[in-house]
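In: this is a predicted model, with the sequence first.
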Amino acid sequence: MNQSVPKIALHKFEGGKGGEVALSPAVFSEPVNKDLLYRAVRTYLMNLRQGTHDTKTRSDVAGGGKKPWPQKHTGNARHGSRRSPIWRKGGIVFGPHMKEYDYGFPKKMQRGALRSALVAKLQDQQLHVIDKLSYAQPKTKEGVKLLSGLGFPKHDKYRYEVLIVVSQKEYSQAIKKTFSNLPWAKCVETNSATTYEILKYENLLVTQQALPELEARCKLV
């Protein structure tokens, strides 16, 4: 689609704004594909399931080798095993068993879903770009100060406010731990950012160096 792609304001790490950043037309001129977003979220959540749930059938329950009582002349109903499902501590009928919930998601669809997630954030004015993130030592207080200055106030642990994406060269333990104690914020590198997390967090904060890396991940090949 030949559409003019708007530029986005560039925030400065020291404070204030410093011009604008041009976005890739190959990524941000595409429409939002809600079906791909749904498939990406479903695949991500389903692949988190371990599928280790299991119940014992009558063949798995211990005991039951001996007939409880003779077949006839006792006045009781006929039974062949104490491990029958109708007995207490017997086997389970139609219970859940181990299975795999993994869903396949082609790489072309993964790129399309990531592209739609970025476009959706841009349209909702929830995409933000900062020139850099630089911390010599991890300090949560400095992270809160930065995010509050950018308009991301502190929230409770049940509200996911901002996902921070940095480039692979910028990513460090100091940056990661600066935000790790904030339940409403999360910092990841570009190759770890998923469509699910981009949609889960209300805002997306990307460093200027990470933006082209993120765009390269979702461009059509």
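Out: Sure, I can see it.

In: against which helices or strands is the helix or strand bottoming out on mean pLDDT in the chain packed?
Out: Least confident helix or strand of the chain, by mean pLDDT, DSSP states H and E, is strand 17-21 with a mean of 86. In terms of contacts (3 or more CB pairs under 8 Å, 6 or more residues apart in numbering; DSSP states H and E), strand 17-21 is packed against strand 8-11. In short, each C-beta sits where N, CA and C put it, glycine included.

In: the strand it packs on packs against which elements?
Out: Strand 8-11 packs on strand 17-21, strand 127-130, going by 3+ CB pairs under 8 Å, 6+ apart.

In: okay, now the unreliable bits of the chain?
Out: Where the chain drops to pLDDT under 70, the residues are 1-5, 155-158, 220-221.

In: strands of that one, residue ranges please.
Out: Using DSSP state E, the strands of the chain run over 8-11, 17-21, 127-130, 162-166, 185-189, 203-207.

In: mean neighbour count and distance to residue 81 for these - can I get that in JSON lines?
Out: Putting the strands of the chain into JSON lines (neighbours: other CB atoms under 10 Å; distance: least, CB to CB, whole Å) gives the following:
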{"stretch": "strand 8-11", "mean neighbour count": "17", "distance to residue 81": "71"}
{"stretch": "strand 17-21", "mean neighbour count": "13", "distance to residue 81": "73"}
{"stretch": "strand 127-130", "mean neighbour count": "20", "distance to residue 81": "64"}
{"stretch": "strand 162-166", "mean neighbour count": "25", "distance to residue 81": "56"}
{"stretch": "strand 185-189", "mean neighbour count": "20", "distance to residue 81": "54"}
{"stretch": "strand 203-207", "mean neighbour count": "24", "distance to residue 81": "60"}
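
In: of all those strands, which lies closest to residue 117?
Out: strand 203-207 (8.5 Å; CB to CB).

In: alpha carbons of that closest one, as CSV, please.
Out: C-alpha atoms of strand 203-207 as CSV (Å, rounded to 0.1, in the frame of the first residue of the first chain):
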residue,chain,number,x,y,z
ASN,A,203,2.0,0.8,25.9
LEU,A,204,5.1,-0.1,23.9
LEU,A,205,8.3,1.8,24.5
VAL,A,206,11.1,1.1,21.9
THR,A,207,14.6,2.4,21.8
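
In: neighbouring strands for the least confident helix or strand of the chain, and are they parallel or not?
Out: strand 8-11 (antiparallel) (DSSP bridges).

In: ok, now which residue in the chain is the farthest from the centroid?
Out: residue 73 (64.0 Å; CA atoms, centre = their mean).

In: quick one: contacts for the spatially closest residue to residue 93 that is not a sequence neighbour?
Out: Closest residue to residue 93 apart from its sequence neighbours, by CB to CB, 6 or more residues apart in numbering: residue 85 at 4.6 Å. Residue 85 is in contact with 58, 91-93, counting by CB atoms under 8 Å, 6 or more residues apart in numbering.

In: let's have the residues you listed in CSV, adding neighbour count.
Out: Converted to CSV, those look like this (neighbours: other CB atoms under 10 Å):
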residue, neighbour count
58, 16
91, 19
92, 15
93, 11
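
In: quick one: which of those is nearest to residue 18?
Out: Looking across the contacts of residue 85 and measuring by CB to CB, the closest to residue 18 is residue 92, at 64.3 Å.

In: surely that closest one and residue 54 touch.
Out: No. Counting by CB atoms under 8 Å, residue 92 does not reach residue 54; the two are 9.8 Å apart.

In: who does the longest helix along the chain touch, helix- and strand-wise?
Out: Secondary structure assigned by DSSP state H gives helix 107-123 as the longest helix of the chain. Applying 3+ CB pairs under 8 Å, 6+ apart, we find helix 107-123 packed against helix 25-28, helix 34-48, helix 195-200, strand 203-207, helix 210-217.
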